[in-house]
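**Student:** Take this sequence and fold it.
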Amino acid sequence: MEQNRFKSPVVWAALVAQVLAVMVMVGMIGNDMSDAIKSLVMAALQILVLVGVLNNPTNQANF
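**Tutor:** Modelled structure (predicted):
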C-alpha cells in the first residue's frame with residue numbers, strides 16, 4: 001500500500017511545528033514568556049520538526 005507523504009499526519013504536525021517555531025522566533029507569539037520557557041518551547045517544536053523530516057510514511061518497516 002502506497003501512502004502519500006502529504007496525507008501523513010506526522011508531516012503536517014512537523015509543518016505546523018515549524019510555522020509555530022518561526023512565529024515564536026520572530027516574536028509574533030509568546031512575547032510575555034521568559035527566555036527559559038521560550039527555549040523549551042522552541043526545543044519541543046524543533047523535535048517535532050525533526051521527527052516529521054525523518055519519518056518515511058511510504059515504508060512502514062522503517063522510521
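**Student:** Now do the strands in the chain.
**Tutor:** Ranges of strands within the chain: none, based on DSSP state E.
**Student:** How much space separates the closest residue to Q18 other than its chain neighbours from S8?
**Tutor:** Closest residue to Q18 apart from its sequence neighbours, by CB to CB, 6 or more residues apart in numbering: V49 at 4.9 Å. Every residue, glycine included, has its C-beta placed from N, CA and C. Counting by CB to CB, to the nearest Å, the gap from V49 to S8 is 14 Å.
**Student:** neighbour count winner among those two?
**Tutor:** Between V49 and S8, counting by other CB atoms under 10 Å, V49 is the more crowded of the two (19 against 16).
**Student:** Would you confirm that that one contacts A21?
**Tutor:** Yes. Counting by CB atoms under 8 Å, A21 is a contact partner of V49 at 7.0 Å.
**Student:** What count of nearby residues applies to Q18?
**Tutor:** That count, for Q18 with other CB under 10 Å as the rule, works out to 16.
**Student:** my read: it touches L45, true?
**Tutor:** Yes. If you go by CB under 8 Å, Q18 and L45 touch, sitting 7.4 Å apart.
**Student:** you'd agree M23 is up against I29?
**Tutor:** Yes. Between M23 and I29 there is a contact at 5.0 Å, judged by CB under 8 Å.
**Student:** now the longest helix seen in the chain, how far from the centre of its chain.
**Tutor:** Criterion DSSP state H: the longest helix present in the chain is helix 35-54. Its chain's C-alpha centre and that of helix 35-54 lie 7 Å apart, by CA atoms, centre = their mean, to the nearest Å.
**Student:** If you count neighbours, what's buried in it?
**Tutor:** 38, 41, 45, 48-49, 52 (16 or more other CB atoms under 10 Å).
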